[in-house]
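Asker: no FASTA, just this:
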């Protein structure tokens, strides 16, 4: 019995050490996405996706992340929610991080559940910081990307979603609301053309697909926190085991979806990552 206890303690110690090592890794995950309706002016457009940063610091003001993204030479950066955590009240380091990204290329964000949970005064301050860094938060908004590219149009939309899809009125996970295609259409209107959607939560992929988006970029699930070979992620933030759409590339009908494993929060066999998405109009199959 004593031997078993010592063995289990040793295994636990090894896992803790590995978690501390793994959290210093920054992986680059690459995905080429073929959109049949992609305007020719956007062939080869390179998007870097960052998600679920929370309190995480990789270098001073996340300078390691900024350096990595600069090396990737993106056309734009998207942050798919939870740039901050709900208990944060000061955003000076966040502002420095955003300004560093904005020096590389345009930066767009959509809110995550932690942004939605900020007190009103803190959320107003975060919005001021984002605007001051010349970045754009898309809260149920759509914008045309690079309109100077030959008059052709590629739309980028950002869904705010709703607080009650994350926690119920008692701040628990038991009676969570749905998010329907009608909700998305009410928030954004009808899809206007070739569209990339930023939506923090991937669990409503069917609604995004029925709305008609060509590509949706998500985060939220942190890769399932702990990942097992041949199984995938184990736990979602809603305390649900083996969540669907935990990390990686998915296709739902004609819609393609990429879910980032994110950067912040504890994790095991699931290193922090930034994603590179390169668009093409060519058929990859």
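Answerer: Alright, I've got the coordinates. Here the structure is a predicted model, which is why all the values come from computation and not from measurement.
Asker: In the chain, spot the helix with the most residues.
Answerer: Ranked by number of residues, the top helix in the chain under DSSP state H is helix 2-22.
Asker: Can you pull out the residues in contact with it?
Answerer: Contact with helix 2-22 is made by 266, 267, 268, 269, 270, 271, as judged by C-beta atoms under 8 Å, 6 or more residues apart in numbering. C-beta: built from backbone N, CA, C; applies to glycine.
Asker: swap the cut-off to 7 Å and go again
Answerer: Helix 2-22 is contacted from outside by 266, 268, 271, using C-beta atoms under 7 Å, 6 or more residues apart in numbering.
Asker: pLDDT of that helix, averaged?
Answerer: Mean per-residue pLDDT for helix 2-22: 79.
Asker: which secondary structure elements does the next helix or strand after it contact?
Answerer: Going down the chain from helix 2-22, the next helix or strand is strand 27-34, by DSSP states H and E. Identification of packing neighbours for strand 27-34 by 3 or more C-beta pairs under 7 Å, 6 or more residues apart in numbering; DSSP states H and E yields strand 273-280.
Asker: got the buried residues for the longest helix of the chain?
Answerer: Residues residue 22 are the ones in helix 2-22 that count as buried (16 or more other C-beta atoms under 10 Å).
Asker: ditto for stretch 37-57
Answerer: Using 16+ other C-beta under 10 Å as the test for burial, stretch 37-57 gives 38, 39, 42, 45, 47, 48, 49, 50, 51, 52, 53, 54.
Asker: gap between the last one and residue 147?
Answerer: Noted for residue 54: a distance of 34 Å to residue 147, by C-beta to C-beta, to the nearest Å.
Asker: what's the answer for the second one, then?
Answerer: Separation of residue 39 from residue 147 (C-beta to C-beta): 11 Å.
Asker: Output the below-cut-off pLDDT ranges for the stretch 151-285 of the chain.
Answerer: 284-285 (pLDDT under 70).
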